[in-house]
Every structure is written in C-alpha cells, then in structure tokens.
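> Sharing a model that was predicted from the sequence below.
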Amino acid sequence: MLGRVANGIFWMYRYLERAENTARLLAAGHRMTLTRGADEATQEWRSILVTLGLLQSYQAHHEGFVGAQVCEFVLRSRNNPESVLSMFERARISARACRSAITREVWEAINEGWMALRDMLARPVRETNLNQVLAAIRRESTIARGATHGSMLRNETYSFARAGTFLERADNTARILDVKYYLLLPSLAYVGTALDTGQWDNILRSCSAERAFSWLNAGRMDARSIAEFLILDERFPRSLMFCHAAMRENLNALGRFHRREGKAHEALAACDLMLSQRTVEDIFEQGLHQFLIEFIACNAAVGSAISEEYRFVS
C-alpha cells in the first residue's frame, strides 16, 4: 500500500472517531448543565474545551464559557480548524483520495454523511436543535463504521482503519477520565457528594458506558469501580484495555501483511505492559492523573510509531 493511501485511511478513521467522541462529550456536558447552577455550568463547558484541547484556541476568540458559544465553536466555527465540520470534511477528502482502497458503500456513507452535516451546520446551532445535531453526528460516524465492517476486505486497508479508530478512542476515554478527576471536581471536599456522583455518571454517559456499567455493578457508583471499568475491563469497547487489544490485533495483521514487526509493535507493547501489569489499586496508588497522562503519552507514541514505520506523516 502506498504511504499516502495508508495515511489517508489511518486519519480518515481517526477523524470519524474524533467527531463522534466530540458529539458524545458535548451531549453529556449539555445534559449536566441542565441540572447545575450557572457557575457549575460554566465549569462544565470549560472542561469540555480542556478535554478537546481547544481551550487556548477558544479563548483567543471568545470570553466566558456560554453553552451556545462553546457548541458553536466546537461544531462549526471557522476559527476552529478542529471543529466537527472540519473533521468530517477532512475524512471526506481522505476518502475521496483513497477511493481505490475503500468500497463504494464506505465512500457513499462518508460523502453523504458530510453533505448532511454540512447542510445541518450551515446555520448556527441553537439549544433547541443541539440534541438533533449531536445525534446526527454520532449516527453518520456509526453508519460509516458499519459500512466499513460490513463491506471491506480484512486486508491492510481495514487494519489501518481499525488501528486509527481504536487509537483515537483510547485517547478520548483517557482524556475524559483525566479531566473529571483532575480538573472538573472543585475540591476534595466534594468527593462522595451528589456533585461527585453526578460527574462520574456524566463520564459514563460521555463514553456511552452508563448502561453497561450498571449491568455489571448493580447501581454502584464510585470512582474506583468506574475507573477500573473504563481502564481495565476488556469487555467494554471503549475501555483502554479493549482499545489496545484491538490495536494489537490490527498491528499484528499489518505485521503479517508486511512480514515484519517494528517500532509500532514495540510502542504498543510498552502500553500493554502499563495496562496488563496494574490493578486499579496500583493505578490509584500511583495517582489516576499521573497514570492517565502517562497513558496518553504512550498512546500518542504508538500513533507516531505507526506513522514512522509505515512512512507517512499526519
């Protein structure tokens, strides 16, 4: 596979996953603000920008953290090159450049999804239609992923696509957890209060994990149980452990296609050790924030190693 095609596939699926994760985060944040006071709502919107890495960019153009303003910036602002609309446009550009490597079903799903979101985001997003817009973003990403799963050969194109998806998903879950634990809760005095419980519930909702977690934990809601579920539970498709198991499977497939293993496999093995050799007690003893920062850096190193090993640049 040509490096430019591998690059296009890898980043196309990263952008699709990132757009969906952004919509999930906004939906959970919006839900949280409806039950909180003005000051807490402001912190919630700010935390979303921190999670997405957009705080400085936002503050360069806006003052204060008003919900409509934050959503406008994150979803469609021309001042934000990492807006959801820009992500879908980049995914479409990559899909068009890689038409020979993807199926017609995948191209149509991405192209039609981009057109639908372009039309929907042609006008400012209001609170009255915010949920509709966020649901559409999640839906279009899911349709593209479903078309990939149902029509693509299990070849190196598919492996690059899945590696990009799960690399991005692991980064998103880790960032959401870190912002909750390190930035969102006002102080340790709030641990165990209704605010604390509500924030943890919000984390689960951001990861589409609230129902799965409740099935396994019978309504229990505490930091250690939720952290263990989102970090170490191999059954949940957005946990760090699950994402890296999926990445390992697809990198191993690429190794077989190319008859070699290199830096990407070594970088992933380092992350695997960090996950597989620690219990949730070990993680909290080290410090959840410290662990997550270490994981995010390790996960990013895997992405950089994939780029270097297969000779393409993000």
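Thanks, I have the structure now. The structure presented is a predicted model; accordingly, all values stated were derived computationally and were not measured.
> Name the helix or strand of this protein that has the lowest mean pLDDT.
The weakest-scoring helix or strand in the chain, judged by mean pLDDT, DSSP states H and E, is helix 194-206 (a mean of 73).
> following that helix, which helix or strand shows up next?
Moving toward the C-terminus from helix 194-206, the next helix or strand (DSSP states H and E) is helix 210-217.
> Identify the residues contacting the helix or strand following that next one?
Helices and strands here follow DSSP H and E; after helix 210-217, the next one along the chain is helix 223-232. Under the contact criterion Cβ atoms under 8 Å, 6 or more residues apart in numbering, helix 223-232 has outside partners 173, 177, 181, 191, 200, 203-204, 207, 209, 212-213, 216-217, 236, 238-241, 275, 278-281, 283-284, 288. All C-beta spots, glycine's among them, are computed from the backbone N, C-alpha and C.
> And the helices in the stretch 101-250 of the chain, which stretches?
Listed in chain order, the helices of the stretch 101-250 of the chain (DSSP state H, counting those that start in this stretch) span 104-120, 127-151, 156-179, 194-206, 210-217, 223-232, 240-258.
> Which one, of those, ends up nearest to Ser47?
helix 156-179 (5.2 Å; Cβ to Cβ).
> tell me the mean pLDDT over the closest one?
Helix 156-179 carries an average pLDDT of 93.
> Enumerate every residue touching Glu127.
Going by Cβ under 8 Å, 6+ apart, the list of residues near Glu127 reads 67-68.
> Distance-wise, check it relative to Thr22.
Look at Glu127 and Thr22: by Cβ to Cβ, to the nearest Å, they are 17 Å apart.
> For the helix or strand containing Glu44, what is the distance to the chain centroid?
Element membership of Glu44, judged by DSSP H and E, is helix 38-52. Helix 38-52 sits 18 Å away from the centroid of its parent chain (Cα atoms, centre = their mean, to the nearest Å).
> Skipping adjacent residues, who's closest to Gly303 in space?
Distance criterion Cβ to Cβ, 6 or more residues apart in numbering; nearest residue to Gly303, sequence neighbours excluded, is Leu167 at 5.2 Å.
> give me the number of residues near the one you found?
The tally of other residues near Leu167 (other Cβ atoms under 10 Å) stands at 25.
> Looks like Gly150 contacts Glu105 (just checking).
Yes - Gly150 is within contact range of Glu105, at 7.2 Å (criterion: Cβ atoms under 8 Å).
> quick one on the thing from earlier: got the helices of the stretch 101-250 of the chain as JSON lines, with distance to Met12 columns?
Formatted as JSON lines, those follow (distance: least, Cβ to Cβ, whole Å):
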{"stretch": "helix 104-120", "distance to Met12": "7"}
{"stretch": "helix 127-151", "distance to Met12": "9"}
{"stretch": "helix 156-179", "distance to Met12": "7"}
{"stretch": "helix 194-206", "distance to Met12": "23"}
{"stretch": "helix 210-217", "distance to Met12": "28"}
{"stretch": "helix 223-232", "distance to Met12": "26"}
{"stretch": "helix 240-258", "distance to Met12": "15"}
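> returning to what we had before: okay, Gly150 and Glu105: which has more neighbours?
Neighbours per residue (other Cβ under 10 Å) separate Gly150 from Glu105, with Glu105 holding more: 16 against 10.
> Surely that one touches Ala147?
Yes - the criterion here is Cβ under 8 Å, and Glu105 meets it with Ala147 at 4.3 Å.
> residues contacting the residue nearest to Gly303?
14, 243, 247, 299, 302-303, 306.
> For the residue nearest to Ala253 when sequence neighbours are not counted, give me its contacts.
Nearest non-adjacent residue to Ala253, counting by Cβ to Cβ, 6+ apart: Ser159, 4.5 Å away. Counting by Cβ under 8 Å, 6+ apart, Ser159 makes contact with 250-251, 253-254, 257.
> of those residues, closest to Glu112?
Looking across the contacts of Ser159 and measuring by Cβ to Cβ, the closest to Glu112 is Asn250, at 26.3 Å.
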